[in-house]
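In: Here is a sequence with its predicted model. Questions after.
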Amino acid sequence: MRSAAPAPRIVAVKPISVPTTGRDIDLQVKVTAPASGHDLPVIVFSHGNAWSMDGYEPLVDRWSAAGFVVVQPTHLDSRRYGIGFDDPRFGTIWRVRIADLHAVLDNLRDVLTQAGLSDRVDLDRVAAVGHSWGGQTVGTLLGARVLDADGVPGEEFTHPAVKAGALIAATGTGDSLTPFAAEHLPFMRPDYSTMTTPALVVAGGRDQSAMSTRGPDWFTDAYHLSPSPKSLLTVTDGEHTLGGVAGEKVAETSDEDPTRVALVADAVSAYLLDALDLDGAAWKTLVERAGASDGVYHVEHR
């Protein structure tokens with residue numbers, strides 16, 4: 001069993017290179033872990049567009065304090081690589097993102113060994129979490145597919161190591177894409193009907209995407225259109241970064257609120273501890289307190 005109370009102090013190791021094929025830039029990851037504890041579960045995290053392994057510390061630090069080892073790859077769309085819409089590589093970055101996560105999972109034991117954690121993790125308890133574009137990327141590991149221009153589902157990208165997941169502000173279905181999104185992001189057409197892995201979907205009640213003509217409900221499609229078991233956390237006043245999940249004082253944050261970020265972080269870790277059969281108490285408490293939150297958040301299940 002996982003150690004009951006790992007110390008809140010955390011350690012991070014970076015960069016660690018992961019073997020890949022067909023990628024002209026090395027895949028690097030950052031590993032963050034509690035300073036103590038054994039049999040620790042693992043989160044593989046996929047960042048949103050333009051970010052990197054160096055973002056999302058407000059989430060990662062709280063997850064590690066809750067007892068998770070967090071592995072963060074830097075995808076090719078990271079702003080540090082300068083690959084824009086006019087770059088010939090951009091059209092396939094969505095596939096490279098998925099391949100990145102598979103490479104991390106396939107080499108997870110070696111990655112954790114390089115981080116000095118080989119004897120402290122439980123590789124039978126691995127979850128995948130993503131924010132924004134990372135949410136769609138992670139969704140494919142849970143069973144979602146991408147529809148082509150004719151509405152035909154593409155190949156399956158599930159990974160057997162992933163036992164549960166969380167999609168934070170994840171892309172909705174593609175039937176309402178704006179002209180810009182349809183031209184530059186045609187892969188933003190997830191089919192959630194085959195996403196069978198247990199997952200928590202996190203959505204902001206004020207998240208209005210520039211990529212869709214729909215309102216904030218667009219970000220709940222992963223919950224409503226996928227098979228159970230699923231849970232939905234709606235943060236009533238949350239916008240796309242839900243208070244600043246990518247980091248403090250970042251330009252993309254339009255609704256800065258550390259309390260909101262802590263809610264999202266704690267909800268994800270509580271859900272995953274329950275889904276991975278480690279500890280259901282925190283998730284049960286969070287759900288029970290929704291009714292007393294003065295409408296700050298609410299939780300649904302199906």
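Out: Yep, that arrived. Residues are numbered from 1 along each chain as shown.

In: Now do the biggest helix by length in the chain: distance to the chain's middle.
Out: Criterion DSSP state H: the longest helix present in the chain is helix 258-275. Per CA atoms, centre = their mean, to the nearest Å, the displacement of helix 258-275 from the mean C-alpha position of its chain is 12 Å.

In: what does that helix contact?
Out: 41, 43, 58-59, 62-63, 66-68, 127, 129, 163-164, 166, 168, 198, 200, 202, 231, 233, 235, 237-238, 242-245, 248, 279-280, 282-286, 296-297 (CB atoms under 8 Å, 6 or more residues apart in numbering). Placement of C-beta: from N, CA and C, glycine included.

In: angle of whichever helix or strand comes after that helix against helix 258-275?
Out: Next along the chain after helix 258-275, taking DSSP states H and E as the criterion, comes helix 281-289. On the basis of axes from the mean of the first three to the mean of the last three CA atoms, to 10 degrees, helix 281-289 is oriented at 120 degrees to helix 258-275.

In: buried subset of the contacts of helix 258-275?
Out: 41, 43, 58-59, 62-63, 66-68, 127, 129, 163-164, 166, 168, 198, 200, 202, 231, 233, 235, 238, 242-245, 279, 282-283, 286, 297 (16 or more other CB atoms under 10 Å).

In: Just the residues you listed: which are in helices?
Out: Those of those lying in helices (DSSP H): Pro58, Leu59, Arg62, Trp63, Ala282, Trp283, Leu286.

In: Can you give me the distance of the first one to His301?
Out: With distances defined as CB to CB, to the nearest Å, the gap from Pro58 to His301 amounts to 26 Å.

In: Let me know the average pLDDT across the longest helix of the chain.
Out: What helix 258-275 shows for mean pLDDT is 97.

In: Over to stretch 172-181?
Out: When pLDDT is averaged over stretch 172-181, the result is 93.

In: re earlier: make TSV out of the ones in helices among the buried ones among the contacts of helix 258-275 and add pLDDT and distance to His75.
Out: Shown next, in TSV, are these (pLDDT from 0 to 100; distance: CB to CB, whole Å):
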residue	pLDDT	distance to His75
Pro58	95	20
Leu59	97	17
Arg62	96	22
Trp63	97	19
Ala282	97	30
Trp283	98	29
Leu286	96	30
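
In: Could you identify the pair within these that is furthest apart?
Out: Spatial extent of those (CB to CB) is set by the pair Pro58 and Trp283 at 19.9 Å.

In: Count the neighbours of Thr87 for me.
Out: No, residue 87 isn't Thr; it's Asp. Other residues lying near Asp87 total 13 when counted by other CB atoms under 10 Å.

In: doesn't it fall inside a helix?
Out: No - according to DSSP: H, G, I helix; E, B strand; the rest coil, the state of Asp87 is coil, so it is not within a helix.

In: what's Val11 sitting at in phi/psi?
Out: Its backbone dihedrals place Val11 at phi -130, psi 150, with angles given as degrees, to the nearest 10.

In: do Val121 as well
Out: Dihedral pair for Val121: phi -120, psi 160, per degrees, to the nearest 10.

In: wait, what's in contact with it?
Out: Val121 sits next to Asp39, Leu40, Pro41, Val42, Val69, Leu112 when contact means CB under 8 Å, 6+ apart.

In: Just the closest of the residues you listed to Leu177, please.
Out: Lowest distance from Leu177 to those (CB to CB) belongs to Val42, with 33.6 Å.
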